[in-house]
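**Student:** next one to model:
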Amino acid sequence: MYYKYIIATFGAIGNTLSFVVLQKKTFRQSSVGFVLSTLLVLDTLMLALWCAYNGMRFERYHYPGENIQYKSDFMCKLQSMSTFLPLMSAWSLVLLTAERLAVVFYPMKSREICTRRNVSFAWLAIALVVFFLCLPNVWV
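**Tutor:** Residues are numbered from 1 along each chain as shown. Model prediction:
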């Protein structure tokens, strides 16, 4: 059972090291560096949330009368919002693919279109849409 946590720990360490590399000046100023950095943060948070959720499942299995989701309002809402991170991770990959597609198909215009600022605004717009789509899960 503990091998899952070991794999998650190595994944978090790898994501942290990759994030440090992506914070170098050349990557930090590019739109690809921004999207990959946010993807690394989202995936690391998803690993941490997965470990917490797996721990709750372990507790629920061994102590069936104790359900932490009903004991803690915060944990219930956190589990309900757990759909946000995988969706944002997937949509960040879609944004990265669209940005790379624009660079391939429109190489001359891509310097104007695919700036870090434009990609940041696109990512923020996607994050807001996904957040509001996941919001009803909190009150269910």
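**Student:** following the lowest-mean-pLDDT helix or strand in the chain, which helix or strand shows up next?
**Tutor:** Least confident helix or strand of the chain, by mean pLDDT, DSSP states H and E, is helix 68-71 with a mean of 58. Using DSSP states H and E, the helix or strand that directly follows helix 68-71 along the chain is helix 73-80.
**Student:** quick one: list the elements packing against that following helix.
**Tutor:** helix 31-62, helix 68-71, helix 136-139 (3 or more CB pairs under 8 Å, 6 or more residues apart in numbering; DSSP states H and E). C-beta here means a position set from N, CA and C on the backbone, and glycine is covered the same way.
**Student:** weakest of these by average pLDDT?
**Tutor:** Per-stretch averages of pLDDT across the helices and strands packed on helix 73-80 put helix 68-71 at the bottom, with a mean of 58.
**Student:** what is the helix or strand residue 16 falls within packed up against?
**Tutor:** Secondary structure assignment for residue 16, by DSSP H and E: helix 3-22. For helix 3-22, the packing partners by 3+ CB pairs under 8 Å, 6+ apart come out as helix 31-62.
**Student:** so the helix it packs on versus helix 3-22, what angle?
**Tutor:** 160 degrees (axes from the mean of the first three to the mean of the last three CA atoms, to 10 degrees).
**Student:** could I get the pLDDT score of the nearest residue to residue 52 once chain neighbours are set aside?
**Tutor:** Leaving aside its chain neighbours, residue 52 sits nearest to residue 78 (7.8 Å; criterion: CB to CB, 6 or more residues apart in numbering). Residue 78 is assigned 72 on the pLDDT scale.
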